[in-house]
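Peer 1: I'll drop the sequence and a predicted model, then ask my questions.
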Amino acid sequence: MGNNKNVKETLITTNEGIRLVRRERVVRMPNGKLRHPVDYYDATPGAVEVTPEERERIRIPVYQILI
């Protein structure tokens, strides 16, 4: 695929008070062009417990539940 040239992380807070990390990468593709993919992730340490009712509520109906 491509090679990471640079990674810039910024801490942001949403209107709901959720703290997320915005990660913007600079990737050089094999054809020489640069891509700038951006993703967001929650940097809260530890696992989050999801109840069976919540899992049923947030699932996508056409997919089977594996866990």
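Peer 2: Done, it's in.
Peer 1: For this structure, just list every one of the strands.
Peer 2: Listed in chain order, the strands of the chain (DSSP state E) span residues 3-13, 19-28, 34-35, 38-41.
Peer 1: and the longest one, what other elements does it pack with?
Peer 2: For strand 3-13, the contact count by 3 or more C-beta pairs under 8 Å, 6 or more residues apart in numbering; DSSP states H and E identifies strand 19-28 as packing neighbours. Quick note: C-beta positions are derived from backbone N, CA and C, even for glycine.
Peer 1: Give me the buried stretch members for the strand it packs on, please.
Peer 2: Residues of strand 19-28 classed as buried: Leu20, Arg25, Val27 (neighbour count, 16 or more other C-beta atoms under 10 Å).
Peer 1: Closest to Val62 out of the residues you listed?
Peer 2: Using C-beta to C-beta, Leu20 is the member of the buried residues of strand 19-28 that lies nearest Val62, at 28.0 Å.
Peer 1: Fine by me, thanks again.
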